[in-house]
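**Student:** Test case, fold it:
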Amino acid sequence: MSRANEHRVEAGGRLDEPCARRRKEIAEAIRRAGGINSHPVTHNAEEDLLWGAMVAKLNALHPRVASSRYLQAKERLPLPVSHTPRIDDLGRRLDNLTGFRLLPVDGLAPAGDFYGRFADDVFSTTMYLRCPGRPHYSPEPDMLHELVGHVVMLADPLFADLYRLFGKAANNATSEQDLQAISQVFWFTMETGLVQEDGRPKAYGAALLSSSGELAKIGTCSVEKFSIQEMIKSDYDISTYQGKLFIAQSVDEMADEVRSFLTRA
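**Tutor:** Sure, this is the predicted structure:
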């Protein structure tokens, strides 16, 4: 299933009943009391334990597999391990770093809305966690994906500027085809991008960096040379581990190519 037309698509089968019920509770709390840099949800002890276990596992993996740019961003915006973060606190800290703020959302957002908010320095974040039965990978964007992946990236000025450009390009798109191309490039860069460092592929994409299962599978993927045109033509499936990734020789090379594409889009 593609995220070309809708960034946040439920995939991977039905949720179990307790997980679905909890997501409904969280959505209702956000609808009642949400807003930019708000914290409308109180997470329970089970959710804190799941968050802590997965963040600790990712923290152990990142020094070996994450790009240096991402690791530096983690130092700028450290996330707690003992409990789920407060969105209001995290949003204020992020705002001080790069001007981005966080908007808790109660459900899946169409691509135009999700990307378009970047132009206003707003990142939309879910507040539910992946189901405990599948902790190492989530086919839909959960709180681990949003915060460990995207929000940490947004603490870096270069990545923050790229997100803004994606937002402006999405807002200026005049057809579904144009928006689909923007979404494809976002997927193969900001979600699943690799960069060459120290003679090895290192991850900078949020979907990779927030999934211990995905990180463990990088060595089995087909890795292709960075190409915007190939990204636009390539299929992908968000309901399973990725089969194709694109690698840039440096973050600067990636950023230059993405800027050139988005200013033409």
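
**Student:** Distance of Phe123 relative to Gly205?
**Tutor:** Applying CB to CB, to the nearest Å, the value for Phe123 to Gly205 is 15 Å. Yep, even glycine has a C-beta here, placed from its N, CA and C like the rest.

**Student:** my bad, should have said Glu17
**Tutor:** Per CB to CB, Glu17 is found 32 Å from Gly205.

**Student:** neighbour-wise, which of the two wins?
**Tutor:** Ranked by neighbour count (other CB atoms under 10 Å), Glu17 and Gly205 place Gly205 first, with 26 against 8.

**Student:** if I read this right, that one contacts Thr192, doesn't it?
**Tutor:** Yes - the criterion here is CB atoms under 8 Å, and Gly205 meets it with Thr192 at 4.3 Å.

**Student:** Sketch out the low-pLDDT regions of the stretch 1-150 of the chain for me.
**Tutor:** Along the stretch 1-150 of the chain, the model assigns pLDDT under 70 to residues 1-14.

**Student:** one more time with 90, if that's ok
**Tutor:** Scanning the stretch 1-150 of the chain for pLDDT under 90 picks out 1-16, 107-111, 131-141.

**Student:** ok, now the stretch 151-265 of the chain?
**Tutor:** Along the stretch 151-265 of the chain, segments meeting pLDDT under 90 span 213, 216-221, 236-243, 264-265.

**Student:** Strands of that one, start to end?
**Tutor:** Secondary structure of the stretch 151-265 of the chain by DSSP state E, counting those that start in this stretch: the strands cover 194-197, 200-203, 222-225, 244-248.

**Student:** Partner strands of the third one and their direction?
**Tutor:** Put plainly, it is strand 222-225. Here strand 222-225 has these sheet partners by DSSP bridges: strand 244-248 (parallel).

**Student:** Export the partner strand to CSV, keeping only CA atoms.
**Tutor:** What follows is strand 244-248, C-alpha atoms only, in CSV (Å, rounded to 0.1, in the frame of the first residue of the first chain):
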residue,chain,number,x,y,z
LYS,A,244,14.6,-1.0,-1.7
LEU,A,245,16.5,1.9,-0.3
PHE,A,246,18.4,4.8,-1.8
ILE,A,247,21.8,6.0,-0.6
ALA,A,248,23.4,9.4,-1.0
